[in-house]
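Participant: Following is a predicted model, sequence given first.
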Amino acid sequence: MATSKNTSKERSVGLDLKNGTKSRVKKVIDVSIVIPVFDEQENIDLLSSRLLKVMNATGKKYEIIFVDDGSKDATPKKLRNLFKKQPNVIRVITFNGNYGQYVAILAGFEHVRGDVVVTLDADLQNPPEEIPNLLKKIDEGYDLVGGYRAKRHDSFFRTYASKIVNSIRAGATGLEMRDHGCMLRAYKKFIIDEVVKTRETSTFITALAQKFAGNPIDVPVTHEERAAGGSKYNLYKLIRIAFDLLTGFSLVPLQVFTIIGMLISSASGIYFLVELFKKVIGHHHGYGLHFAFVFLLLSVLILGVGLLGEYLGRAYFAVCEHPRFVIREILEKKD
Ligand code: UDP
Ligand code: MG
């Protein structure tokens, strides 16, 4: 299906020819590349030309799945043109709105046909030229190859925010994974199938994949400055990621919170007894300490309610079976 250098296998999935039934030869795809895109009009052309060049040189059969995450600029038009030019390798999934990078990747995962799945950012921060290195590691027998950005080219804020998120993730999950935010990764298909089955929507899909992998490896990859445009992450989105990471994987935060609650209520019990004693012996002055104590209790309470809300929200969406995303259109050549 995909490349001019066609060295890969073709697997017959047809019915028996001798019985006169029509045989259908399904072309097997070696590599599916999934790219989430949100307002990346300046980067699509350069990205696709570099990517096509790299992939054609591998001699593997491949498909590139762009997931347009509700772009408002000329991205949809650019992707449509690209599909028209290269219908054999390009597929475009278009959402009806903006659902976030990880949901876009997940939608791509639901449609992949390749034996190996590679994820990549659209802004060329992950050079496509690194893909053959990842595929080589997969050929060596690893089932997940995670890139880590040896030297980051991001703003100070973005780099440190990401470092904090990485350490929260390490603490909450205990997973050995160098750089959760680096999207240049390659997976064997079975891992992707498992991730899709979980129906997860959070940023935890990379960590989940890591959990399902039997033989993962981290490799250093180069990281470049964004080719054009600005980061699509603002402070709110980064805080959402930290929350997703905390609550998406375990009930530990809830348990920690319960323990803190218990400790504070015992401390406040003792405090109350002390105050009562002071009152009895006539040593009771001022209310400052009391207020401080009440504020502390209130803040813990509010935090706890928020935390409970996170879990409740997750359960609510799961029970209601809300769609995680709505696809407006899929451009692909029918086999
Ligand atoms: N992205 C997306 N939806 C969003 C935000 C980002 O699909 O809501 C895509 C974006 O187009 C890019 C990738 O996710 O391909 C990474 O985004 P960005 O470069 O803004 O993140 P950063 O490099 O700052 O982590
Ligand atoms: Mg980027």
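Facilitator: Yes, it's here. Computed from a prediction, not measured in an experiment: that's the story for all the values here. Numbering: from 1, shown residues only. Ligands and ions are numbered 1, 2, ... in the order given.

Participant: pLDDT (mean, whole number) over stretch 197-210?
Facilitator: Averaging pLDDT along stretch 197-210 gives 77.

Participant: What's the end-to-end length of that stretch?
Facilitator: End-to-end distance of stretch 197-210 (CA to CA, to the nearest Å): 15 Å.

Participant: ok, and what's touching it?
Facilitator: Contacts to stretch 197-210, defined as CB atoms under 8 Å, 6 or more residues apart in numbering, come from residues 102-103, 105-106, 109, 144, 146, 169, 173, 175-177, 180, 183, 185, 187, 191-192, 194-195, 216, 240-241, 244-245, 248-249, 317-318, 324. For glycine as for every other residue, the C-beta is placed from the backbone atoms N, C-alpha and C.

Participant: got it, and stretch 171-182?
Facilitator: Counting by CB under 8 Å, 6+ apart, 126, 146-149, 162, 165-166, 169-170, 206-207, 210-211, 216, 218, 221, 223, 245-246, 249-250, 252-253 sit against stretch 171-182.

Participant: host element of the most centrally placed residue in the chain?
Facilitator: Central residue of the chain (CA atoms, centre = their mean): residue 102, 3.7 Å from the mean position. Element membership of residue 102 [criterion: DSSP states H and E] is helix 101-111.

Participant: Off-centre distance for that helix?
Facilitator: Mean-position distance between helix 101-111 and its chain equals 8 Å (CA atoms, centre = their mean, to the nearest Å).

Participant: One more: stretch 120-128?
Facilitator: 15 Å.

Participant: right, is it up against ligand 2?
Facilitator: Yes - for stretch 120-128 and ligand 2, the contact criterion (CB under 5 Å from the ion) is met by 123, 125.

Participant: Name the residues of stretch 242-256 that are buried.
Facilitator: 242, 243, 244, 245, 246, 247, 248, 249, 253, 254 (16 or more other CB atoms under 10 Å).

Participant: which residues touch the second one?
Facilitator: When the contact criterion is CB under 8 Å, 6+ apart, the partners of residue 243 are residue 310.

Participant: and whichever strand or helix holds it, is it in reach of ligand 2?
Facilitator: Secondary structure from DSSP H and E places residue 243 in helix 235-247. No - interface with ligand 2: helix 235-247 contributes nothing (CB under 5 Å from the ion), its closest point being 12.4 Å away.

Participant: Mind listing what's buried along the next helix or strand after that helix?
Facilitator: Using DSSP H and E, the next helix or strand after helix 235-247 towards the C-terminus is helix 252-281. By neighbour count on 16+ other CB under 10 Å, the buried set for helix 252-281 is 253, 254, 257, 264.
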